[in-house]
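# I'll drop the sequence and a predicted model, then ask my questions.
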Amino acid sequence: MRAYTRSMKMDATVKAMKKPLPQWIIRALIYSGIAAILIMFASVLRTISDTESTKGSYPDIGSDVKIKTFPAKIEIIEIMKPGNGVKVTSPIIGVEGKAHSCSVVGLYLNAELVSTTMPNIPLFYFKEVKLTRKENIIQAKCFSDEGSSFSNAIIVYYIIPQGTERTNSFMQSSVDNLLRGNRDRREIALTFDGGSMANVAETILEILRKHSIKATFFITGIFIEKYPDIVKEINRDGHEIGNHTYSHPHLTSYFTTHQQITLKGVTRELVIEELKKTDNLFYEVIGRRMNPYWRAPYGENNTEIRQWASELGYTHIGWTSGRDETLDSLDWVSDAEMPKYKTSKQIAAQILSFGYGTSNEANGGIILMHLGTERKDDSITQSLSSIIEGYMQRGYRFVTVGYMNRHKDDLIIADYQEKK
């Protein structure tokens, strides 16, 4: 009797096992597996994308940040909270939205898949999303029987409160002053300032083309007015273009006192007007806004001035200097009788020797040069190729400051010469 009972139970078990699973369970298992595979390969995809120039579509999300985003179908999936352009003081946020007929929703932070969830149709929610940058691009992706679709892209600004301790994983001050990129990455950035002269700009562009290098240019409004064709050429070659104010004014007393004290008459309104006017001129010539980086004329800036500029979304970019060395080419010094004057060969040697023999050498270095010079001969452009080739031979890769800023892990962000 007991054997018969066991036999009956086994038959019932076998029949239950043969009974097909409901379709919704099968779909959920399939899409959960797909999502897990996507997450597993996310780090590989990041490595591949980091070796390429940023390509693709950059929809209007209220920022000039160049992070790849994906075409959206908001009728299928849409992020509702947080709102586009919101500023937060916590690095952890929640993301919620609507998803129609989605079995699984994936969350993309700065073009990387970071999490997945099964929505409670029509709603989905990610409770803890860790922001990794000052400007974070967020999109959601719907996986369904019909395929996959992306949501709208939003930007969330992370502002660290004054006095908050920074960690190595996210060293970013609320009022930015980027002087050097990641010391662990064998990368270096060429930057060129354009004030009111452009007599070596064409030669510089030719050299950059020859070596397939993208650089960052900081130009004034006066430069744009005088040389619109050169500005178009810089843009056409795919270089990054930042703001150098309209009229290149002195902003602090550093020139006379060696202290970064805001000059009398330099106000929030003046700084914002200088930057806005230049950006508007650039838009008239190019049809887009400048990249969200600026460099103060003569390097004169302080926390107050950078705060004013940050209201327009600008990050200040300085250049890299050590205790007794600098990546400022000093190519603007034209009088051979001046103590700071160096020949083009001496300038090249100075830049190539920066940090030589140290563990990090010139990693993350930002080089400063100019598009115009009053030198009648021996221009720095005569040695620009030597500088480029010298660093390339040592295994360096040239990147823009925007790329450097997006890939920072452990930065030097400090007040530039505010204290003597």
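On my side now, so go ahead. Numbers count the residues shown, from 1 in each chain.
# How about the secondary structure of Val156?
Following DSSP: H, G, I helix; E, B strand; the rest coil, Val156 is assigned to strand.
# cool, Leu205 as well?
Under three-state DSSP, Leu205 falls in the helix class.
# What is the neighbour count of Asn110?
Look at Asn110: counted by other C-beta atoms under 10 Å, it has 19 neighbours. The way it works is simple: take the backbone N, C-alpha and C, and place the C-beta from them, glycine included.
# Correct me if wrong: it contacts Lys134.
No. Assessed by C-beta atoms under 8 Å, Asn110 is found out of contact with Lys134, at 11.2 Å.
# Check which helices and strands the strand ranked longest in the chain is in contact with.
Longest strand of the chain, by residue count under DSSP state E: strand 135-144. Strand 135-144 sits against helix 23-50, strand 77-81, strand 92-99, strand 104-109, strand 147-150, strand 154-158, with contacts defined as 3 or more C-beta pairs under 8 Å, 6 or more residues apart in numbering; DSSP states H and E.
# mind listing what the third one pairs with, with the direction of each?
Strand 92-99 pairs in its sheet with strand 77-81 (antiparallel), strand 123-130 (antiparallel), by DSSP bridges.
# Nearest to Tyr314, out of those strands?
strand 123-130 (25.1 Å; C-beta to C-beta).
# buried ones in that closest one?
Across strand 123-130, burial judged by 16 or more other C-beta atoms under 10 Å covers Phe124, Phe126, Val129.
# partners of the second one in the sheet?
Yep, that's Phe126 we're talking about. Here Phe126, judged by DSSP bridges, has bridge partners Val95.
# For it, report the pLDDT, please.
We have a pLDDT of 88 for Phe126.
# Please look at it and Glu96 and confirm they touch.
Yes. Using C-beta under 8 Å, Phe126 and Glu96 qualify as a contacting pair, with a distance of 7.4 Å.
# ok, which stretches of the stretch 301-420 of the chain are helices?
303-310, 344-352, 381-393, 401-406 (DSSP state H, counting those that start in this stretch).
# Now do the first one: which elements does it pack against?
Read that as helix 303-310. By 3+ C-beta pairs under 8 Å, 6+ apart, helix 303-310 packs against helix 268-286.
# Please apply the same query to the last one.
Other helices and strands packing on helix 401-406, by 3+ C-beta pairs under 8 Å, 6+ apart, are strand 177-180, strand 187-194, strand 240-243, strand 293-294.
# cool, the longest one as well?
With contacts defined as 3+ C-beta pairs under 8 Å, 6+ apart, the packing partners of helix 381-393 are helix 201-210, helix 344-352, strand 397-399.
# Least confident of the ones you listed, on average?
Looking at the helices and strands packed on helix 381-393, the weakest mean confidence is helix 344-352, a mean of 94.
# okay, the angle between that one and strand 187-194?
If you take axes from the mean of the first three to the mean of the last three C-alpha atoms, to 10 degrees, helix 344-352 sits at 140 degrees to strand 187-194.
# just for the stretch 201-350 of the chain, where's the confidence low?
Within the stretch 201-350 of the chain, no range satisfies pLDDT under 70.
# try 90
254-259, 303, 322-325, 332-340 (pLDDT under 90).
# how's the protein carved up into domains?
Following automatic domain parsing, the chain resolves into domains at 24-37+64-158, 177-413.
# Please tell me I have it right and Ile74 contacts Phe150.
No. Checked against C-beta under 8 Å, the pair Ile74 and Phe150 is beyond contact range at 9.2 Å.
# quick one: which of these two has more around it?
The neighbour comparison of Ile74 against Phe150 (other C-beta under 10 Å) goes to Phe150, with 19 against 13.
# ok, the more buried one touching Glu75?
No. Phe150 is not in contact with Glu75 according to C-beta under 8 Å; the separation is 12.0 Å.
# Can you tell me how far Trp319 is from Met369?
Noted for Trp319: a distance of 10 Å to Met369, by C-beta to C-beta, to the nearest Å.
# Identify the contacts common to those two.
Common neighbours of Trp319 and Met369, counting by C-beta atoms under 8 Å, 6 or more residues apart in numbering, are Thr191.
# what residue lies at the spatial centre of the chain?
Most central in the chain under C-alpha atoms, centre = their mean is Arg406, positioned 3.4 Å from the mean C-alpha point.
# From Thr315, how far out is that one?
With C-beta to C-beta as the criterion, Arg406 and Thr315 are 11 Å apart.
# before we move on, what about Tyr341?
32 Å.
# again with Phe282
Counting by C-beta to C-beta, the gap from Phe282 to Thr315 is 17 Å.
# got it, and Gly299?
For Gly299, the distance to Thr315 - C-beta to C-beta - is 15 Å.
# Between these two, which has more neighbouring residues?
Neighbour count, other C-beta under 10 Å: between Gly299 and Thr315, Thr315 has more, with 24 against 19.
# per-residue pLDDT, the nearest residue to the more buried one once chain neighbours are set aside?
In space, and not counting its chain neighbours, Thr315 is closest to Asp176: 4.1 Å by C-beta to C-beta, 6 or more residues apart in numbering. At Asp176, the pLDDT value in this model is 78.
# got it, and Gly62?
Reported pLDDT for Gly62: 40.
# do Ala36 as well
Reported pLDDT for Ala36: 56.
# Equivalent analysis for Val104, please.
At Val104, pLDDT is 85.
# And it, how far from Cys142?
Distance from Val104 to Cys142, by C-beta to C-beta: 8 Å.
# same thing with Arg180?
41 Å.
# Check Ile241 too.
36 Å.
# Touching, Val200 and Thr373? I think so.
Yes. With contacts counted by C-beta under 8 Å, Val200 reaches Thr373, the gap being 5.8 Å.
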